[in-house]
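In: coordinates only, no sequence provided:
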């Protein structure tokens, strides 16, 4: 098991020695059991760090902010930032390295092993507990979580409340790290694509009906884009205006900004948005599932990414985020790549 | 007007409202939302609160202003599009969301009357449901001049008394709706009024969260415009639009033209919700943005609700529904932010 004390000890040490400028980790939230991302630069605040099955967030997203700050800073502090990474999050680091978005020494990775379990799905947990208010959730031995509610503590089999992505996870242990906490436990995943297969099995007609209903709900809050560690473009295809405007950009140039996707939150535009997003993540998505977790309207966005992942695996034997040196899926080819779908 | 309606008579009353378009909370894949219902049996009032406030019905995310196009002889034709005339009833509205409408009324009916909003507002009856228990663990309406049984913005307020509803009509529109169900409603007895008072009083005690001394916040905020506080508080913000789009009081909008067909040329001028958390919000054509980073955008959200609006209209532009807290992907908690503001420095 990951010992929080060990994690805190290392965090204190790297902050005190000045090895990192700050650490991004998890801390207890103001209310409820869900932790919040925290940014620690004072060793005294390391006390606030926490690690439990509700540490769902993929903290590698905050690298984008750091890059932006460094760009603006006249005297940038180029020391690495410390980040706590789960297995899935560490795969995101590998993709960012592969895409040369970051250098390896931009980050100091404090890996945490999910061992036999993973993180919780808040909605499943609420359903299992039938509305009881959760105060705290902790890892227990033998694949259980210890859930404390207002009326007491109980052991729950993790598999009942695990996030879907954890059930299909291929990296319960970080694939890249500077130091790691917890054990490396081999975990067999027999059906890594079982969730998306339930959609694939539907008839074309039913699939269309399913997606029409789901994507019609979208209010285009772009939380799925905002939370994604791979969505780091300065200007996104959905932005209505150009951010590359300089004082001498002509009015004509400004007006020429192509609107790929209109602001109207209707089915047609929503579909273009979500499919564009999915395509941009083909060969890049590491299945941290954050896009789906944050969706306020419960749109099962992860299916789209999972389908891309499945096709990449089946057609091109490509897996994301295990090797930072592999050529990227969409910018490379092999002689044996299939061509039968090119018409 | 105060009445009692047996729950078993409720569908019969709704049947009498067949001249109205009826919205009610409906559960779809685990999520509650206001939808048009076709049979009275589809109305579910045993529910917490909808993810999206009924704001989406009165002030829809996309409103068409004009339709434009070229006719056969190549002249440009522009036609104004107004909201469809109809009578609408929304059931199951929570007090925080109804109060939010009264706040948006101030904005859209101040010096310039907004025909689109105004028309929808006028033709829509809001039937409330008092909160006997807080619909969300993050409810804090009592901190911001609200209550679980506030009557602000309602035509009728229902309170669940177990097998009956205590029905209080607050407007002529409400009276008319009750009159359509004549015979189904009876006058409340003294003990039922007592029961009502007890339920309302108990409901207030059940609220778990609050912002103390909220009146200290607006003057404090006024001094905090340049504070480093906003950098600290916004560190984890992702720049998504959840807090603002789900907010029952947020009403900022953008107007744009959308061309739907090039030949023949056709399109719409539309109003869509805008969002102060997005990077293109208040972006100038020069490329300058007075709110260039997430610190200034979080500041805008808090300042608008707890300073600018208070200064202008003497109300908090927040009704304590807790949606922005419950749905924030990184747990940014407005109650916590406000408590810190109050105690800052």
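Out: Perfect, thanks for sending it. These numbers were taken from a predicted model, which means no experiment stands behind them.
In: going forward, measure contacts and count neighbours with C-alpha atoms only.
Out: Fine.
In: and residue A:160, which of the three is it?
Out: Each residue gets one of three states, and residue A:160 gets helix by DSSP: H, G, I helix; E, B strand; the rest coil.
In: A helix includes residue B:104, no?
Out: Yes. In this structure, residue B:104 lies within a helix as judged by three-state DSSP.
In: what are the contacting residues of the least confident helix or strand in chain A by mean pLDDT?
Out: Lowest mean confidence among the helices and strands of chain A (mean pLDDT, DSSP states H and E): helix A:251-255, at a mean of 79. By C-alpha atoms under 8 Å, 6 or more residues apart in numbering or on different chains, the list of residues contacting helix A:251-255 from outside reads A:241, A:242, A:245, B:285.
In: please repeat the previous calculation with a cut-off of 7 Å.
Out: Outside of helix A:251-255, not a single residue reaches it under the criterion C-alpha atoms under 7 Å, 6 or more residues apart in numbering or on different chains.
In: same thing with stretch B:150-162?
Out: Counting by C-alpha under 7 Å, 6+ apart, stretch B:150-162 makes contact with B:95, B:98-99, B:101-102, B:125-130, B:165-171, B:173-174, all of which sit outside it.
In: buried set for it?
Out: For stretch B:150-162, a neighbour-count test (16 or more other C-alpha atoms under 10 Å in any protein chain shown) marks B:150, B:151, B:152, B:153, B:154, B:155, B:156, B:157, B:158, B:159, B:160, B:161 as buried.
In: of those residues, closest to chain A?
Out: For these, the minimum distance to chain A (C-alpha to the nearest C-alpha) is 20.1 Å, reached by residue B:160.
In: tell me what the closest one is bridged to.
Out: For residue B:160, the beta-bridge partners under DSSP bridges are residue B:165.
In: helices along the chain, start to end?
Out: Since no chain was named, I'll use chain A. Counting by DSSP state H, one finds helices in chain A at the ranges A:4-16, A:63-72, A:87-98, A:122-128, A:158-161, A:164-167, A:194-200, A:204-216, A:223-226, A:251-255, A:267-280, A:290-294, A:302-316.
In: try again with chain B
Out: For chain B, the helices defined by DSSP H cover B:10-16, B:55-58, B:95-108, B:115-122, B:172-180, B:190-205, B:217-222, B:229-233, B:242-246, B:294-303, B:309-313, B:323-327, B:334-342.
In: what's the closest of the ones you listed to residue A:25?
Out: Ranking the helices of chain B by proximity to residue A:25 (C-alpha to C-alpha) places helix B:229-233 first, at 15.0 Å.
In: any idea how far that closest one is from the middle of the chain?
Out: Relative to the mean C-alpha coordinate of its chain, helix B:229-233 is positioned 27 Å out (C-alpha atoms, centre = their mean, to the nearest Å).
In: residues in contact with stretch A:121-139?
Out: Under the contact criterion C-alpha under 7 Å, 6+ apart, stretch A:121-139 has outside partners A:32-33, A:52-54, A:145-150, A:161-163.
In: for the residue nearest to residue A:2 when sequence neighbours are not counted, which residues are in contact?
Out: Leaving aside its chain neighbours, residue A:2 sits nearest to residue A:182 (4.1 Å; criterion: C-alpha to C-alpha, 6 or more residues apart in numbering or on different chains). Residue A:182 makes contact with A:1, A:2, A:112, A:113, according to C-alpha under 7 Å, 6+ apart.
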